[in-house]
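> the following comprises the amino acid sequence and a computationally predicted model.
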Amino acid sequence: MSKCSVIVGFALLLRLAVAYVPVSSGRNSDRPGLLSLGPGFQLSPHECILEPVCDADETLHWDGANANGIGLTSGGTFEGAVRFTPTTACTVKAILYFQRGLSSNDKVFILSEGNDTTPGPVIDSTAYTVTDTNRWYRVDLTRPVIVRAGTDFWPSVRVTHTAGRFPLGCDAGPMLRNRGGFISTGGGRWQQLADLTLNYNWNIRAVIARLPSPAHDVGVSAILSPGASINPGTYQPKARVTNYGANAESNIPITCWIDSGATRVYSQTATLAGPLQPGSRAEVTFPNWTSGPSGNNYRVTMFTALAGDMVPANDTLSQITAIATGQALVDHDTGYCKLTVSCFGAIGYDNPPADAGSGFCYPKTAGSALFYSSFLVGNDTMYVADRFFGRPANGPVNDDLKPV
């Protein structure tokens, strides 16, 4: 077995806005030809912002015209991304982005749905070579990606650059939160430009072609509660329901089952009144469920039962929910401050957004000054195990660290 050093540290997320990524912007004076198109480049006839347009190819975007460029202060590699939720099924054919300054090691990605602030795993990627700057680039995907109505996808652009370069273009802002301006320097950690005092949207767009949707098709697209690993206690099960079809739907039955082995310990049905528009989604909350003691495991199943649903295969989601063993959360009082520690690796609060625990209080009689934090373990700066950020990031709370 090869030897490797192990780094153990912890990451703190304060309630105050903290710029973890040293990014800066370089503004050039506007000049004629700044938005001129390169050879063979073509924008689709309509650039719609998730609005219905009848052309075969459409462009989804949140940004305006290019106004600036962004790069890391000391140079390096980063990704810029935006999040789209098309209201009809579509094929993602290409990524458009504005190349403001020189870069290398360039690649575009299509990332899958995670949550509103963190994408899921990579669906596809395509490498390309930058030959000039201050122009739009179109990168055609090697394998066009099919996205269902009401489902997120994240186009991202990865660049590597030297200090003083600002390779990835942005508009004049303001940034559309949870949509137009995500940045990552690796490790599955994503931040938003506005939180780094860069209140802009990336010049990143997606070329799509609409696909026909079934007339009637809804389903559970996410189990929002309970999580995959929880402390003993009482929880309200919650489902996200998405309309994948072409028509608005009303009075949608949604059922939640929770099974312990062969015994069903919870069964509740709720009705989503609607109307739920095509490509839209809504959250449905069920009555309280109280778990058993530590060490129990449950299968949680949620499903829709819309009359006339044409694609029953996507109605249902299920997961295993484990009840933590041992003492999951303990308050540690140093005399000057009080903080909660956890066998899951969390420091302060655990399991966002439930805010389990007492947080990090200094002085100990004050309210918590800490948002979320975690121990992290790995063999380099790209840590591989912690509580909150997955590799790849996939939205739910990370369960890398497990009690034994």
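Looks like it came in fine.

> can you tell me the SS state at the residue of the chain most remote from its centre?
Going by Cα atoms, centre = their mean, the residue of the chain most distant from its centre is Gly335, 38.6 Å out. Of the three states, Gly335 takes coil according to DSSP: H, G, I helix; E, B strand; the rest coil.

> would you check how far apart it and Leu198 are?
For Gly335, the distance to Leu198 (Cβ to Cβ, to the nearest Å) stands at 41 Å. For every residue, glycine as well, the C-beta is placed using N, CA and C.

> ditto for Thr185
Relative to Leu198, Thr185 is positioned 14 Å away (Cβ to Cβ).

> neighbour count: the two, which is higher?
Leu198 (20 against 16; other Cβ atoms under 10 Å).

> pretty sure the more buried one is in a strand, no?
No. Applying three-state DSSP, one finds Leu198 to be coil, outside a strand.

> that one contacts Pro174, correct?
No. Look at Leu198 against Pro174 with Cβ atoms under 8 Å: they stay out of range, at 10.6 Å.

> can you list the low-confidence ranges for the stretch 201-350 of the chain?
For the stretch 201-350 of the chain, the stretches flagged by pLDDT under 70 are 325-328, 349-350.

> how about 90 then?
Scanning the stretch 201-350 of the chain for pLDDT under 90 picks out 209-213, 222, 227-233, 274, 279-280, 293-295, 323-350.

> sec struct for Ala65, please.
Criterion first, three-state DSSP; result for Ala65: coil.

> dihedrals phi and psi, it?
Backbone torsions of Ala65, given as degrees, to the nearest 10, read phi -60, psi 150.

> against Arg148, how distant is Thr126?
Note on Thr126: its distance to Arg148, by Cβ to Cβ, is 22 Å.

> looking at those two, which is more packed in?
A side-by-side neighbour count of Thr126 and Arg148, using other Cβ under 10 Å, places Arg148 first with 22 against 16.

> how about stretch 140-150: buried residues?
141, 144-145, 147-150 (16 or more other Cβ atoms under 10 Å).

> and what of stretch 206-219?
For stretch 206-219, using 16+ other Cβ under 10 Å, the buried residues are 206-208, 210, 213-214, 216-219.

> mind listing the strands for the stretch 251-400 of the chain?
Here the stretch 251-400 of the chain has its strands, by DSSP state E, counting those that start in this stretch, at 252-260, 263-272, 281-285, 289-290, 297-304, 316-323, 329-333, 338-342, 346-348, 360-361, 370-378.

> how about the ones you listed, which one is nearest Phe109?
Ranking the strands of the stretch 251-400 of the chain by proximity to Phe109 (Cβ to Cβ) places strand 370-378 first, at 22.3 Å.

> now the closest one: mean pLDDT?
Taken as a whole, strand 370-378 has a mean pLDDT of 67.

> please list all residues in contact with the residue nearest to Glu249 when sequence neighbours are not counted.
In space, and not counting its chain neighbours, Glu249 is closest to Leu276: 5.1 Å by Cβ to Cβ, 6 or more residues apart in numbering. Residues counted as contacts of Leu276 (Cβ atoms under 8 Å, 6 or more residues apart in numbering) are 218, 241, 243, 248-250, 252, 282.

> any chance of those in JSON lines with distance to Gly292 and secondary structure as columns?
Shown next, in JSON lines, are the contacts of Leu276 (distance: Cβ to Cβ, whole Å; DSSP: H, G, I helix; E, B strand; the rest coil):
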{"residue": "Val218", "distance to Gly292": "32", "secondary structure": "strand"}
{"residue": "Val241", "distance to Gly292": "27", "secondary structure": "strand"}
{"residue": "Asn243", "distance to Gly292": "35", "secondary structure": "strand"}
{"residue": "Ala248", "distance to Gly292": "40", "secondary structure": "coil"}
{"residue": "Glu249", "distance to Gly292": "36", "secondary structure": "strand"}
{"residue": "Ser250", "distance to Gly292": "37", "secondary structure": "coil"}
{"residue": "Ile252", "distance to Gly292": "30", "secondary structure": "strand"}
{"residue": "Ala282", "distance to Gly292": "30", "secondary structure": "strand"}
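
> now the two most distant members of the buried residues of stretch 206-219.
Within these, Val207 and His216 form the most distant pair, 28.7 Å apart (Cβ to Cβ).

> tell me what the helix or strand containing Ala209 is packed against?
In the assignment (DSSP states H and E), Ala209 maps to strand 204-210. Strand 204-210 is packed against strand 57-60, strand 90-99, strand 154-161, with contacts defined by 3 or more Cβ pairs under 8 Å, 6 or more residues apart in numbering; DSSP states H and E.

> nearest to Val330, of the ones you listed?
For these, proximity to Val330 was assessed by Cβ to Cβ; strand 154-161 is nearest, at 37.2 Å.

> now do the helix or strand that that closest one is followed by: which elements does it pack against?
Per DSSP H and E, the first helix or strand lying C-terminal to strand 154-161 is strand 168-170. Contact analysis of strand 168-170 by 3+ Cβ pairs under 8 Å, 6+ apart lists strand 68-72, strand 90-99 as its packing neighbours.
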